[in-house]
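> Need a 3D model of the sequence below.
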Amino acid sequence: MEPATSTLTLYCASALRKPVEEAIIPAFTRATGLGCGVVFDSTSKLLERISDGARPDVFVGLSGSFQNAVHPGRNRFQPGTHLATSGIGVAAAAGAGAPDITSVQKLALALITSRSVAYSPTRPSGIHFHQLLQDLGIAELVNSRATFVEEGPTANALVDGRATLAVQQISELKLVPDVTFLGPLPDVVQKNMRFSAYLSNETGNNYAAAALFNFLRGSFARSSYTAAGLST
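Below is the predicted model:
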């Protein structure tokens with residue numbers, strides 16, 4: 001088989017980075033001989049790029065990304081197809097102990113006794129977590145010593161010592177080796193986020209783009225999402 005060339009562009013939310021980058025795209029290239037350049041970022045940042053004129057062949061982001069009737073990409077993509085669901089979880093620094101977070105009360109205790117909790121206040125998981133802190137009445141205490149991470153996995157703050165706990169979508173926490181994954185938020189305070197794939201109506205290669213779109217929702221992709229901590 002001839003070496004693959006980058007003929008396609010995929011914009012993909014960071015929550016799906018591990019399965020897409022490590023398993024799905026390599027398998028797609030082996031199966032089809034088609035190359036694919038991937039841009040990973042938050043859904044909001046990717047939508048900004050699309051608003052500014054970027055034209056990926058396939059976009060993977062939060063379900064309902066184009067519900068806004070005035071978004072420039074609304075008519076440039078076909079309706080979304082569900083791929084995977086990501087819950088929010090908590091990780092701890094390796095060797096720092098593994099507090100119990102299996103109930104809301106135990107989670108709150110772990111948060112208020114942590115030296116610093118890392119989360120992303122402007123991203124979906126962090127927005128939900130910030131509201132949870134307010135609902136529990138511990139926002140002022142936790143935020144007074146929190147580590148706010150604007151870009152990338154919050155668990156990086158565990159590795160470099162800035163924080164002792166990190167909160168983010170589970171699949172993003174699992175991007176960082178050498179940390180201890182404690183588990184998902186308790187069910188009663190969990191927020192599951194659904195991700196969908198959108199096929200462009202303006203792709204320059206309809207066959208190849210459709211092949212990528214279908215591969216992202218196929219059986220190999222579903223098993224890869226599950227292995228990365230997502231549900232399908």
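> Might you report the residue contacts of Trp142?
For residue 142 the amino acid is Val, not Trp. Listed by C-beta atoms under 8 Å, 6 or more residues apart in numbering, the contact partners of Val142 are 111-112, 114, 117, 133. Using the backbone N, CA and C atoms, a C-beta is placed for each residue, glycine as well.
> from those residues, which ones fall inside helices?
With DSSP state H as the criterion, helices contain 111-112, 133 from among the contacts of Val142.
> Using ChimeraX, make a named selection holding only the buried ones among those.
Of these, the buried ones can be selected in ChimeraX as follows, counting by 16 or more other C-beta atoms under 10 Å:
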select :111,133
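> out of the ones in helices among the contacts of Val142, who's nearest Asn192?
The shortest distance between Asn192 and any of the ones in helices among the contacts of Val142, using C-beta to C-beta, involves Leu133 and amounts to 19.0 Å.
> Could I get the full set of helices for this structure?
In the chain, the helices defined using DSSP H lie at 17-19, 25-32, 43-51, 104-113, 124-136, 139-143, 156-159, 170-173, 206-216, 219-227.
> in the last one, what counts as buried?
Within helix 219-227, the residues that qualify as buried are 221-222, 224-225, counting by 16+ other C-beta under 10 Å.
> For burial, what's the neighbour tally of Thr29?
When neighbours are defined as other C-beta atoms under 10 Å, Thr29 has 20 of them.
> Asn214 now?
When counting by other C-beta under 10 Å, one arrives at 14 neighbours for Asn214.
> on that earlier part again, how about the buried residues of helix 219-227 in TSV, adding pLDDT and distance to Gln67?
As requested, these are arranged in TSV below (pLDDT from 0 to 100; distance: C-beta to C-beta, whole Å):
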residue	pLDDT	distance to Gln67
Ala221	97	24
Arg222	97	25
Ser224	96	27
Tyr225	95	23
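> what's near enough to touch Glu150?
Residues in contact with Glu150 (C-beta under 8 Å, 6+ apart) are 120, 122.
> coming back round to it: pick the one among the ones in helices among the contacts of Val142 closest to Gly183.
Closest to Gly183, out of all of the ones in helices among the contacts of Val142 and judged by C-beta to C-beta, is Leu111, at 14.0 Å.
> Can you tell me how far Asn99 is from Gly137?
Slight slip there: residue 99 is Pro, not Asn. With distances taken as C-beta to C-beta, to the nearest Å, Pro99 is found 19 Å from Gly137.
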